[in-house]
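> one predicted model, sequence on top.
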Amino acid sequence: MNPLTRAELPSEATALARFLIGKLIVRDAPEGRTSGRIVETEAYLPGDAACHAFRGETPRNRTLFRQHGHAYVYISYGMHRMLNVSAEDEGIGAGVLLRAIEPLEGFDLMRARRGVERLTDLARGPGRLAEAMAITMGLDGDDLCAPGPLWIADDGSPAAEIGVSVRIGITKETDRPLRFFERGSRFVSGGKALNV
DNA sequence: CGGCTGATGATCT
DNA sequence: GATCATCAGCCGG
């Protein structure tokens, strides 16, 4: 398991969203380590009305404007946290939403946090992923390319076959093909029709 | 299964 | 005051 450096990450949101499929996200918490293979992402681009950065920088979305490879965390529907990766150069607001992982380490910790047993229910969907990985608002702004509580890595596993679809659950710019996923994975959200 | 709905609060207008 | 990158639970077929 090799930590990813910033230089290895594409600094364009669509390319980064594709690149992250099959990579690892690792959470080192006081209770222990949980990690997973990223199997589903969505890109939110500069000039994209669905992107939180669309109306300019605010206190909430400021990490979207940081150099690519920082964690942008926010709360959705008052209760779910979403984990994103800032995607472009300093000053350009764009991000990649992590929507699902295939759990690799810390199954029981994830089960305890989620309150469910089934492996495929632990981190399928962005809210579930964040809960399983104990993503808190305190992680907003964390550098994913540096040692710390949350980081990304490559385990050298073969490149997955990547499927593409429109993004899920948004109300603007609904026709853009900016959702990426590992084809056929049981750990992808959105139902059978959305994993081919 | 698929479809619908209530929960719930930060954020911005 | 409206909006919202979600989820679990419930209902019907």
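That came through fine. A quick note: this is a predicted structure, and the numbers were derived from the prediction, not measured.

> that's a helix at residue A:97, yeah?
No: under DSSP: H, G, I helix; E, B strand; the rest coil, residue A:97 sits outside any helix and is assigned strand.

> mind checking pLDDT for it?
pLDDT recorded at residue A:97 is 98.

> how far away is it from DNA strand C?
3 Å (Cβ to the nearest atom of the strand, to the nearest Å). Any C-beta I mention is one placed from the backbone N, CA and C, and that applies to glycine too.

> assign a three-state SS to residue A:131, would you?
Residue A:131 - assigned by three-state DSSP - is helix.

> show me the contacts for it.
A:80, A:81, A:113, A:114 (Cβ atoms under 8 Å, 6 or more residues apart in numbering).

> report the secondary structure state of the third one.
Think residue A:113. Assignment for residue A:113 (three-state DSSP): helix.

> surely it is in contact with residue A:132?
Yes: counting by Cβ atoms under 8 Å, residue A:132 is a contact partner of residue A:113 at 5.7 Å.

> neighbour count winner among these two?
residue A:132 (26 against 19; other Cβ atoms under 10 Å).

> so that one touches residue A:114, yeah?
Yes: contact criterion Cβ under 8 Å: residue A:132 and residue A:114 qualify, at 5.4 Å.

> any shared contact partners between these two?
residue A:122.

> neighbours of residue A:171, how many?
Residue A:171: 7 neighbours (other Cβ under 10 Å).

> so who does it touch?
Counting by Cβ under 8 Å, 6+ apart, residue A:171 has contacts residue A:50.

> and the gap between it and residue A:50?
To residue A:50, residue A:171 is 8 Å away according to Cβ to Cβ, to the nearest Å.

> where's residue A:72, which helix or strand?
In this assignment (DSSP states H and E), residue A:72 forms part of strand A:71-76.

> run me through the strand neighbours of that strand, direction for each.
strand A:80-86 (antiparallel) (DSSP bridges).
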